[in-house]
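Participant: Following is a predicted model, sequence given first.
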Amino acid sequence: MNMGQAISSGFKRYVDFEGRSARSEYWWWTLFVFLVNIFATIIDSGTSMDLGIASIIATLVLLLPGIGMSIRRLHDVDRSGWWLFIFLVPIVGFILLLVWACTKGTTGPNRFGADQLS
């Protein structure tokens, strides 16, 4: 999957919390969100008022698709989407989610659906 396909998939399935998302889809989406946030910050720094309107809009637009993508990525490694809440545990939660995001997904079908890569 390339970056364009990942962005398209992220927006097409923005409230789809079922199914699976491959590593490439997740990481291309993450890069896209990172670049949009940098662009929004640049726009905000060029304005005279320090409200951060562009950053707020970018966050609101990308929040649900990002949550959906993260849950589908957890499904790909055969974890429930509820594991996303482990992010609330300082340091350990972030590290665990990062490891799962970098881990190869389950080969073949799992309880959340078919493997996208096969």
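Facilitator: It's in.
Participant: what ranges do the strands span in this structure?
Facilitator: Using DSSP state E, the chain contains no strands.
Participant: all helices for it, in order.
Facilitator: 3-12, 23-45, 53-76, 92-102 (DSSP state H).
Participant: who touches residue 112 in this structure?
Facilitator: 18, 19, 20, 75, 76, 78 (CB atoms under 8 Å, 6 or more residues apart in numbering). In this view, the C-beta of every residue, glycine as well, is placed from N, C-alpha and C.
Participant: Could you pick out the buried ones from these?
Facilitator: 20, 75, 76 (16 or more other CB atoms under 10 Å).
Participant: The first one touches residue 109, doesn't it?
Facilitator: No: contact status for residue 20 versus residue 109: not in contact, 9.2 Å apart, counting by CB atoms under 8 Å.
Participant: For the two, list the residues in contact with both.
Facilitator: Residues touching both residue 20 and residue 109 (CB under 8 Å, 6+ apart) are residue 115.
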